[in-house]
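K.L.:
What shape does this take:
(chains A and B)
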Amino acid sequence: MEKNYYDNHFEQFLKETVDDFRMYPSRKVWTSIYNNIQPGRRWPSLPIMLLMLMTFSFLGSSNKYEIRKFETANQNINLERDKENIAGNNPIHSDSKNATNISGNQALFAEAALSENNSSNLVPDQEGQQTFSSNQTIALASAKGKANLSSSLTETLQNTNDAITNELAENNSLKTGEITAEEPTLIRNNITKQSKAYIEKETLIALRDGNLKPDFNNYEELTVPRDNRQLLSIRSPRVKKRSITYLSDRETIEDIAFHNKPVNKWKGRAGFTFYATPSVGYRQLNSSLETKNYAQSLSNGTSGLVSENNQLEHAPGFNLELGGNYFYRLTKNLRLKAGIQINYTNYRIHAKEIDHPTMTMLLVNNPTSSSQELVSFASSLANVNGGTHLNSSTFQFSLPIGADLKLAGNEDLQWMIGGTIQPTLVMGGNPYLVSADMKNYINDPSMLRRLNINSSIETFLSYRMKNGATLNAGPQFRYQLLSTYNKRYVYDEKLYNIGFKIGISKNL
Amino acid sequence: MTEEQMLAGSMNNNASAQEVFYNRFSPRMLGVCYRFAKNREDAEDMLQEGFIKVFTQLHQYRNEGALEGWIRRIIVHTCINILKKNKKFSESVDLIHAHSIHVKEDMIPSIMQAKQVVECIRLLPLGYRTVLNLYAIEGYSHKEISKMLEIEESTSRSQYTRAKAMLEEILVKKNIIQKQRSRISIGNAASLL
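P.N.:
Below is the predicted model of the structure:
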């Protein structure tokens, strides 16, 4: 088409020419606009929240496991200590002939002994009577008021003890037995609120009435005259009915607990793994015949169709994956796994940085039709190996789901193969796109595909260490199933990398 | 989605309608911004600011005249406001005697396809380019331009005359237009769009 015009039509020429000029903005422009006009619905908040939720859930789950294990270990230790103390016949008897020294720890123990749910330090005497030890009563005074027990307080304390004992007896929960003063915290944990409140109330009354005289200079050790202890002896016929021993009672409870504990179907079958995979990454570039023809027509008479992978000088780059997953053993040889993973992909481009930007065109697909069109860009990167190394990289977050299969081995050493499919969210990146004539590179992150799918296949040796953890190591091949770029860009880029995966697993 | 639905949805702060609205007008508006801006990044910044104004002022649109024209006016004013914040722009647009600027051959990009004219416009000095864009393409009068850019009307006229001469020179050198005695013919204009 040829169009003539006169000088005074210059404006018309310009207007007609540039009026239909269009450029396609990058996605981030809309994101910024959207965030401004819809402040309540910022788009990144949802995936970031999801990511944080999953991360915290994962970490929380791991820590819970450790804490539970720690508590179980403590309980076992306490149980063993109880048994040792019982076996050592070291009770605190109420019929001791000598005055008894009570330490501050024993005071705590005394409080605990009043619990209705726990073993008390009531020791049956020869007549089968239930008697509070004087130590306990003195310790009670020591704990509450750090006070020295005077003889005038005897009646008050006796009433207190009597009331508590009756209350415990009514609940039919007293057990004979003995508890050593070395275990105050264990017992204290079981003290009831009602007993504490009762003790506090009575102590306050005693202090108010002048029956209890605090002695803050001498609360570490309290000496009790034997006469007072004798006065504290009480009878409780109802308690006499329960005559099981502490040891057998405990064993019974443990036995019931052991045989009725909830079945954990995950135990032994489930576990988690943390891993890292350094790798070497590269890409494969493809395009349609139409694109190849177009590139060839612009490449100054090169014979034959242009091959993208030959025309562009690229080199492998360092890649890294970090992640964790849970696994569940379906059968002896097969286990399923799912987790989270972050990926850094990268390959290098050999280019040359030119002094001034030049205009170049990017061949893109028209979103509204099936045709292709050119979009102009400024570029200062030429497709010539001129000493500049560009890193075409992406940052990804993925959710690998897959399975591992045991090929051979015993309990300690196993050879396994595995594979995953990884739905992937591309968080960002720095891609370099080749221009339509393949002479320049353009940096445009808006061309990145946001959602992608990766796959991986791996084989590894799994070695169980002495501490129960399992060390995994072996090669991995990862392949990106969809193009790095969105549908706008005419070239189809598939990333792949070969790496060495190292991980550590632990059974739940 | 029809234009009425899109417009109504956008006015009601409907996110999907706003996105349709944006997708429909943003390519052409970015083209407008690109003619004013230094580079693509600046053009996208202008577009972003412009569209935020468009969406926040959409309720003021009275259905009088084309919607695109209304949007375009907001975008152009946004571009001018952004340019005016740049000190260099004020100096450039006030510089009447800019005829010493010569266009060298290597300044012209060696691209082969469409949009050459836009790229040639972008080779003009900032002041020239702005006045030329506003007068020749956007259709503002010199009086309006003088108010927008806060310059004398005569300055706008002289800037435009020189911009036009320089652009002609570039277009001829690029072989987009050819001077033939008293008239100019477009060379490979068919490949422009």
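K.L.:
Next one, pLDDT for residue 145 please.
P.N.:
Looking at chain A here, since you left the chain open. Among the per-residue scores, A:G145 holds a pLDDT of 43.
K.L.:
switch to chain B, that's the one I care about
P.N.:
Per-residue confidence (pLDDT) for B:I145: 91.
K.L.:
contacting residues for the nearest residue to it once chain neighbours are set aside?
P.N.:
Distance criterion C-beta to C-beta, 6 or more residues apart in numbering or on different chains; nearest residue to B:I145, sequence neighbours excluded, is B:S156 at 4.5 Å. For every residue, glycine as well, the C-beta is placed using N, CA and C. By C-beta atoms under 8 Å, 6 or more residues apart in numbering or on different chains, the contact set of B:S156 is B:131, B:135, B:142, B:145-146, B:149.
K.L.:
Make a markdown table from these and add distance to A:T368, neighbour count and secondary structure to it.
P.N.:
Below are those laid out as a markdown table (distance: C-beta to C-beta, whole Å; neighbours: other C-beta atoms under 10 Å in any protein chain shown; DSSP: H, G, I helix; E, B strand; the rest coil):
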| residue | distance to A:T368 | neighbour count | secondary structure |
| --- | --- | --- | --- |
| B:V131 | 34 | 29 | helix |
| B:Y135 | 32 | 22 | helix |
| B:H142 | 38 | 20 | helix |
| B:I145 | 34 | 24 | helix |
| B:S146 | 40 | 18 | helix |
| B:L149 | 36 | 23 | helix |
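K.L.:
Among the residues you listed, find me the one that's closest to chain A.
P.N.:
B:Y135 (7.4 Å; C-beta to the nearest C-beta).
K.L.:
What's opposite the closest residue to chain B within the stretch 351-500 of chain A in the beta bridge?
P.N.:
Closest to chain B within the stretch 351-500 of chain A is A:M359: 3.5 Å, counting by C-beta to the nearest C-beta. Counting by DSSP bridges, A:M359 forms beta bridges with A:A378.
K.L.:
Please, where are all the helices along the chain?
P.N.:
This is for chain A. Listed in chain order, the helices found in chain A under DSSP state H are A:10-19, A:27-37, A:45-87, A:104-113, A:134-145, A:154-170, A:184-188, A:193-208, A:226-231, A:246-259, A:289-298, A:308-311.
K.L.:
that's the other chain; I wanted chain B
P.N.:
Along chain B, the stretches classed as helices by DSSP H are B:3-11, B:15-36, B:40-56, B:67-84, B:87-94, B:116-122, B:126-132, B:142-149, B:153-173.
K.L.:
Quick one, grab the pLDDT at residue 164.
P.N.:
Going with chain A. 53.
K.L.:
think we crossed wires, I meant chain B
P.N.:
Confidence score, pLDDT, at B:K164: 88.
K.L.:
same deal with B:I52?
P.N.:
Predicted confidence (pLDDT) for B:I52: 92.
K.L.:
now A:P237
P.N.:
In this model, A:P237 carries a pLDDT of 46.
K.L.:
Poorly predicted segments of chain B, please.
P.N.:
Chain B contains residues with pLDDT under 70 at B:87-114, B:178-193.
K.L.:
Let's see that with 50 instead.
P.N.:
In the predicted model of chain B, residues B:96-114, B:180-193 satisfy pLDDT under 50.
K.L.:
could you list every residue that touches the spatially closest residue to A:N443 that is not a sequence neighbour?
P.N.:
Distances taken as C-beta to C-beta, 6+ apart place A:Y432 nearest to A:N443, at 5.6 Å, with adjacent residues excluded. Residues in contact with A:Y432, defined by C-beta under 8 Å, 6+ apart, are A:349, A:351, A:381, A:390, A:392, A:441-443.
K.L.:
Quick check: buried residues in stretch B:76-87?
P.N.:
Counting neighbours by 16 or more other C-beta atoms under 10 Å in any protein chain shown, one finds that the buried residues in stretch B:76-87 are B:76, B:78-80, B:82-83.
K.L.:
just checking: which of those residues also lie near chain A?
P.N.:
Counting by C-beta under 8 Å from any C-beta of the partner chain, nothing from those sits close to chain A.
K.L.:
And the contacts of A:Y432, which of them are buried?
P.N.:
A:349, A:351, A:381, A:390, A:392, A:441-442.
K.L.:
I'd like to know how far the residue nearest to B:I145 sits from chain A.
P.N.:
To chain A, B:S156 is 14 Å away according to C-beta to the nearest C-beta, to the nearest Å.
K.L.:
How about B:F21?
P.N.:
For B:F21, the distance to chain A equals 10 Å [C-beta to the nearest C-beta].
K.L.:
Burial check on the nearest residue to that residue once chain neighbours are set aside, number of neighbours?
P.N.:
Once flanking residues are discounted, B:F21 sits nearest to B:S10: 4.7 Å by C-beta to C-beta, 6+ apart. A count of nearby residues for B:S10, using other C-beta atoms under 10 Å in any protein chain shown, gives 23.
K.L.:
is it possible to export the buried residues of stretch B:76-87 to TSV including distance to B:T2?
P.N.:
Shown next, in TSV, are the buried residues of stretch B:76-87 (distance: C-beta to C-beta, whole Å):
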residue	distance to B:T2
B:V76	26
B:T78	27
B:C79	29
B:I80	32
B:I82	33
B:L83	35
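K.L.:
near chain B, which residues of the stretch 401-508 of chain A?
P.N.:
So the stretch 401-508 of chain A meets chain B at A:436-437 (C-beta under 8 Å from any C-beta).
K.L.:
pLDDT weak spots in the stretch 151-300 of chain A?
P.N.:
For the stretch 151-300 of chain A, the ranges with pLDDT under 50 are A:151-153, A:172-187, A:218-237, A:239-241, A:243-244.
K.L.:
rerun that using 70 as the cut-off
P.N.:
A:151-248, A:259, A:261-267, A:295-300.
K.L.:
A:A469 versus the residue nearest to B:F21, what's the distance?
P.N.:
57 Å (C-beta to C-beta, to the nearest Å).
K.L.:
again, but for B:S156
P.N.:
In this view, B:S156 and A:A469 are 78 Å apart by C-beta to C-beta.
K.L.:
cool, A:T277 as well?
P.N.:
Distance, A:T277 to A:A469, by C-beta to C-beta: 18 Å.
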